[in-house]
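Student: sequence and predicted structure below; questions after.
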Amino acid sequence: MSIVIGADPFAVKLKQAIITHLKQKGMEVIDADSGEELPYYESAQRACRLIRDGKADRGILLCGTGMGMSIVANKFEGITAACVESVFTAGMCSAINNANVITMGAMVVGEFMALQMVDAWLNTEFTAGLEQYADFLRNAVARVGEIDKDNRK
């Protein structure tokens, strides 16, 4: 699995910690920023284009709060980005929404928790622990995809 990661200047230190963590787990990591300090809206675009073009499977986007990155990422067809602020929400955005991008804020979460959040997101399968709702969740994700396509016409 390849993961693209991008960060604005508020979150460069957190990005480096996550890159190290993912590489220690044997994952392929693509730095969307290529060492440049970019505003959140440019970093998010670079990362989402890599996912959209099939060059990365999933993405992690970091800024001050995580919200700006999430807003930009969700403008891309095929991207389901969730701004997460806890280990629980990181796992649930996979289980419930099948999110292929997580965003978080370096002003909101510390490094220790951020690494746990990344692991929860990566290690939680869609519908995991929610098997009794699996049909509903699959239908909901499909419907949200249809709504997205309808709004892009």
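Tutor: Nice, I can see it.

Student: low-confidence ranges, this structure, go.
Tutor: Counting by pLDDT under 70, the chain has low-confidence residues at 153.

Student: at 80 what do you get?
Tutor: By pLDDT under 80, the weakly predicted segments of the chain are 148-153.

Student: which stretches of it form strands?
Tutor: Counting by DSSP state E, the segments of the chain that form strands are 2-7, 28-31, 58-63, 81-83, 101-105.

Student: quick one, helices of the chain?
Tutor: Here the chain has its helices, by DSSP state H, at 12-24, 40-52, 67-73, 87-95, 111-123, 134-151.

Student: mind putting the strands of the chain in JSON lines, distance to Gln45 included?
Tutor: For every residue, glycine as well, the C-beta is placed using N, CA and C. Written out in JSON lines, the entries for those read as follows (distance: least, C-beta to C-beta, whole Å):
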{"stretch": "strand 2-7", "distance to Gln45": "9"}
{"stretch": "strand 28-31", "distance to Gln45": "14"}
{"stretch": "strand 58-63", "distance to Gln45": "10"}
{"stretch": "strand 81-83", "distance to Gln45": "12"}
{"stretch": "strand 101-105", "distance to Gln45": "12"}
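
Student: Lys13: which of the ones you listed is closest?
Tutor: Nearest of those to Lys13, taken as C-beta to C-beta: strand 2-7 at 8.8 Å.

Student: dump the strands of the chain into a markdown table; add distance to Leu38 and mean neighbour count as well.
Tutor: As requested, the strands of the chain are exported to a markdown table (distance: least, C-beta to C-beta, whole Å; neighbours: other C-beta atoms under 10 Å):
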| stretch | distance to Leu38 | mean neighbour count |
| --- | --- | --- |
| strand 2-7 | 8 | 24 |
| strand 28-31 | 11 | 16 |
| strand 58-63 | 10 | 27 |
| strand 81-83 | 17 | 25 |
| strand 101-105 | 15 | 28 |
